[in-house]
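> One predicted model, sequence on top.
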Amino acid sequence: MDQEHSQPHYLSLKKLLFNMENSIAHRVFTSRFGSPKQTTIIVLLLMLLVVSALVASANGSFNLSFIDLILGKATTLQSIVMLEIRLPRVALSALVGASLGLSGAALQGLFRNPLADPGLIGVSAGAALGASIIIVISPAFLVNSFLGPFLLPLAGIFGAASVIFLLYLLTHGFGYQGVTYMLLVGIAVNAIAGVAIGVLTYISSDAELRTLTFWTMGSFGGVTWTLLTPALVIIFSAILYMLPAYRKLDLIQLGEVEASRLGVDVKKLKYRVILSSAAAVGASVALSGMIGFVGLVVPHLVRLLGGVNHNYLLPASAALGATLLVSADVLARLLIQPAELPIGLITSAIGSPFFLWLVFRLKKNDY
Amino acid sequence: MKILLLLFTCLLLIPKVGACPQASNTSRITVAGGSIAEILYFLNMEEHIVAVDITSNYPPEAKELPSIGYVRNLSAEGILSLSPTLVIGEDDMGPSEVLTQIKGTGVEIIVVEEQHSAAGIIEKIECVADIIGRRVSAGDIIRKQLLPKIVQLEALTSESKKAPMKILFILGMQGGSPIVAGRGVSADGLITMIGGINTMSSFDGWKPAGAEAIIEAAPDVILISTRGVTGFGGIDDLKQHPALRFTPAAINDKIFAMDGMEMLGFGPRTLSAALSLAEKIAL
């Protein structure tokens, strides 16, 4: 039986961020993607995503014209650069943005905590640990096998999966005690992974250290369709598995006890949300390194735009997350070309001032 | 009068500007910098080394000495526990507070400057020789072992410098975009040494470079550290990387891997490394 009770200080915040009237009562009467206004926002965000994807495909440090390519006037090298370097990169940034935004929104809903982000359950740290082991130690018997180029993403996925498995064991199948307990376990797991990464950092050489540092700041470089396809499958299945949980995520805002009285299987919901976010985030981090603040900030932005009910929040967060990362990657590629800025640097540079503004705004509203 | 004369001779004997001071006591030397340890072994002065830092991994015997940790993160007590009389380091030795603490106990600390060129390597060796008071025997070793290599290198590169190859140096490529050498880093010096020009000379330091930018730069030759290759699989896997596949270097099989410290340590080994790279490129 769940024993978690809402702490008093949540209440005013809840009023602000999860407007009850708006979410529970109205949801029954609204369309599948929320109110007409919310549906419009989602459509607009999707259009914005298409535009930013077009801009991202048309710009890069390699000189090629989009129109020439469509007209078939481009050289072989130009079309190869477009098809095998630029397009997978744009696809990856959209995919990672969608999975970070969506997981952030779902986890904030599940934990009823506006500060939750995909990093909080330890998935990113697990993936980072897996990647660090490969970067610093790179076990020879693995490196020289056919796995070579896939080793880093595989290690990332394996690390993320191990953390989730550990979390599953420690919380007796995600059901033991309340979400706060889970959050604390996640923080502890994060810290443990942090220690292991610290040890690896200490024993690494200068070159390894540099690779490690840049990896933790994220990059969409070096992705191929071979690497992208499995991630595409994992992330899409995770998203499809998560989206139908929107109604239960609305109900759990009332508290775990109340939600279970209203017929929500809370344990199953946790299992569903955590597993699918872990898979989506794990696959993302494995391919692109750590990208901060998207999972935290995007859902807040979406709430400010249109509301808090999850049938709107989840798809809109995915669309906005994708749009943001596709645009941020254009900046990463172009700002200091031929060199590249780490993408995590850009998202954090935009994300942290926004976050600060959000905190001040909360204060004004008597948080 | 005698003292004046002695002083005068001393003044005459003080080597040219930039030369290094001789240490007062070289009986127990602690080394903080891979190339310094390499030079001391090269000059057959290793019997006075009491400890090295973790970047001093060549020759292999150096690794058996007690370790004082990472060169930028030294600890005063750890070093002093080995009761050294002299600490020789490269200019990245630190932190400076720790160096001040060590100096405060009366241990001499000498920093050896570094220039990333063939002449720089000779100067560095001469500097270390000055510090340990072995200028004469060092001059002998340099003349016999290093000067021939420099002459050979000059001969090889004088031709290629007329139409220099565009060279890209990759440190590692596991974390997405390859991390490449820009202006002012040791690899930039190595590229100049072997008669090429750095394709990534529009930015400073080591930075990740985008796949498209690398294709656009079209390097004729790609140099990478062995560690950078093993982390990725092998040279063949490397050639399939989207950033490298379409470069002239990958198409013409001009991707060369070599030990990172050998290429970038700028100790005696770097001259041999540069020579063998210059030979491979000239082919």
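Looks like it arrived, so ask away.
> Quickly find the element holding the residue positioned nearest the centre of chain A.
With distances taken as Cα atoms, centre = their mean, the residue of chain A nearest its centroid is residue A:100 (1.3 Å). Using DSSP states H and E, the element containing residue A:100 is helix A:87-110.
> Quick check: mean pLDDT of the next helix or strand after that helix?
In the C-terminal direction, the helix or strand that comes right after helix A:87-110 (DSSP H and E) is helix A:123-136. Helix A:123-136 shows a mean pLDDT of 85.
> I'd like to know which elements helix A:123-136 is packed against.
helix A:151-170, helix A:179-203, helix A:206-216, helix A:266-288 (3 or more Cβ pairs under 8 Å, 6 or more residues apart in numbering or on different chains; DSSP states H and E). The C-beta positions use only the backbone N, C-alpha and C, and glycine is treated the same way.
> Can you give me every residue that contacts the closest residue to chain B within the stretch 251-367 of chain A?
Nearest residue of the stretch 251-367 of chain A to chain B: residue A:338, at 3.3 Å (Cβ to the nearest Cβ). Residue A:338 sits next to A:61, B:200, B:202, B:203, B:209, B:210, B:213, B:214, B:216, B:217 when contact means Cβ atoms under 8 Å, 6 or more residues apart in numbering or on different chains.
> how close does the closest residue to the third one other than its chain neighbours get to residue B:198?
The spatial neighbour of residue B:202 that comes closest, neighbours along the chain excluded (Cβ to Cβ, 6 or more residues apart in numbering or on different chains), is residue A:338 at 6.3 Å. Using Cβ to Cβ, to the nearest Å, we find residue A:338 at a distance of 11 Å from residue B:198.
> show me where the stretch 151-283 of chain B has helices.
Here the stretch 151-283 of chain B has its helices, by DSSP state H, counting those that start in this stretch, at B:186-193, B:211-217, B:226-230, B:235-239, B:248-251, B:260-264, B:268-282.
> about what we covered before: wait, what's in contact with the residue nearest to the centre of chain A?
A:118, A:281, A:284, A:291, A:294, A:295, A:298, A:321, A:325.
> Which residues of the stretch 1-150 of chain B lie near chain A?
Proximity of the stretch 1-150 of chain B to chain A is confined to B:55, B:70 under the rule Cβ under 8 Å from any Cβ of the partner chain.
> for the stretch 1-150 of chain B, what spans make up the helices?
Remark: helices assigned in the stretch 1-150 of chain B by DSSP H, counting those that start in this stretch are B:2-13, B:34-42, B:76-80, B:96-104, B:118-131, B:135-141, B:147-160.
> export those helices to TSV and tack on mean neighbour count and mean pLDDT?
Below are these laid out as TSV (neighbours: other Cβ atoms under 10 Å in any protein chain shown; pLDDT from 0 to 100):
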stretch	mean neighbour count	mean pLDDT
helix B:2-13	8	45
helix B:34-42	26	92
helix B:76-80	16	89
helix B:96-104	14	90
helix B:118-131	21	92
helix B:135-141	15	90
helix B:147-160	14	89
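> and of these, who's closest to residue A:153?
When these are compared by Cβ to Cβ, helix B:34-42 sits nearest residue A:153, at 32.5 Å.
> Which elements pack onto the closest one?
Checked by 3+ Cβ pairs under 8 Å, 6+ apart, helix B:34-42 has strand B:29-32, strand B:49-52, strand B:86-90, helix B:118-131, helix B:268-282 packed alongside it.
> Now for residue B:19, how many residues are close by?
14 (other Cβ atoms under 10 Å in any protein chain shown).
> Could you check how far it is from residue A:73?
63 Å.
> mind pulling up the phi and psi values for the residue lying closest to residue B:35 once chain neighbours are set aside?
Of all residues not flanking residue B:35 in the chain, residue B:267 sits nearest, at 3.6 Å (Cβ to Cβ, 6+ apart). Main-chain torsions, residue B:267, degrees, to the nearest 10: phi -110, psi -170.
> residue contacts, residue B:267?
B:34, B:35, B:36, B:38, B:39, B:42, B:58, B:121, B:124, B:125.
> Assess the claim that the fifth one and residue B:270 are in contact.
Meaning residue B:39. No - here residue B:39 does not reach residue B:270: they are 11.0 Å apart, not a contact under Cβ atoms under 8 Å.
> In this structure residue B:53 contacts residue B:65, no?
No - with contacts counted by Cβ under 8 Å, residue B:53 stays clear of residue B:65, the gap being 10.0 Å.
> Among these two, which residue is more densely surrounded?
Neighbours were counted for residue B:53 and for residue B:65 using other Cβ under 10 Å; residue B:53 has more, 27 against 18.
> distance of the more buried one from chain A?
For residue B:53, the distance to chain A (Cβ to the nearest Cβ, to the nearest Å) stands at 12 Å.
> What confidence value was assigned to residue A:233?
Predicted confidence (pLDDT) for residue A:233: 90.
> my read is it is in a strand, agree?
No - under DSSP: H, G, I helix; E, B strand; the rest coil, residue A:233 falls outside any strand and is assigned helix.
> and residue B:227, how many neighbours does it have?
Counted with other Cβ under 10 Å, residues neighbouring residue B:227 total 19.
> Pull out the buried residues from stretch A:158-171.
Within stretch A:158-171, the residues scored as buried using 16 or more other Cβ atoms under 10 Å in any protein chain shown are A:158, A:159, A:160, A:161, A:162, A:163, A:164, A:166, A:167, A:168, A:171.
> Pretty sure residue B:87 sits against residue B:107.
Yes - counting by Cβ under 8 Å, residue B:87 touches residue B:107, with 6.2 Å between them.
> what touches both of those two?
With Cβ under 8 Å, 6+ apart as the test, residue B:87 and residue B:107 both reach residue B:79.
> what about these two, which has more around it?
In this view residue B:87 and residue B:107 are compared by other Cβ under 10 Å, and residue B:87 has more residues nearby, 24 against 20.
> How about the contacts made by that one?
By Cβ under 8 Å, 6+ apart, the neighbours of residue B:87 are B:29, B:30, B:31, B:32, B:79, B:93, B:102, B:107, B:108, B:109, B:110.
> And it, how far from residue B:31?
With Cβ to Cβ as the criterion, residue B:87 and residue B:31 are 8 Å apart.
> can you check residue A:291 too?
Distance from residue A:291 to residue B:31, by Cβ to Cβ: 41 Å.
> Go ahead and build a PyMOL selection from the buried members of the contacts of residue A:338.
Burial among the contacts of residue A:338 is assessed by 16+ other Cβ under 10 Å; the matching PyMOL selection reads:
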select buried, (chain A and resi 61) or (chain B and resi 200+203+209+210+213+214+216+217)
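> For the contacts of residue A:338, work out which two are farthest apart.
Among the contacts of residue A:338, B:203 and B:216 lie farthest apart (Cβ to Cβ), at 14.2 Å.
> Determine the longest strand present in chain B.
Identified as the longest strand of chain B according to DSSP state E is strand B:165-172.
> Strand partners (parallel or antiparallel) of that strand?
Applying DSSP bridges, strand B:165-172 is found paired with strand B:179-181 (antiparallel), strand B:196-198 (parallel), strand B:221-225 (parallel).
> what sits up against it?
Looking at strand B:165-172 with Cβ under 8 Å, 6+ apart, the contacting residues turn out to be A:207-208, A:210-211, B:178-181, B:187-188, B:190-191, B:194-200, B:206, B:214, B:217-225, B:227-228, B:231, B:247, B:249, B:260, B:281.
> ok, and the closest non-adjacent residue to residue A:45?
Per Cβ to Cβ, 6+ apart, closest to residue A:45 is residue A:319, 3.9 Å.
> same deal with residue B:128?
residue B:39 (4.7 Å).
> quick one: low-confidence ranges for the stretch 1-150 of chain A?
A:1-33, A:139-149 (pLDDT under 70).
> wait, I meant chain B
For chain B, the ranges with pLDDT under 70 are B:1-18, B:175, B:231.
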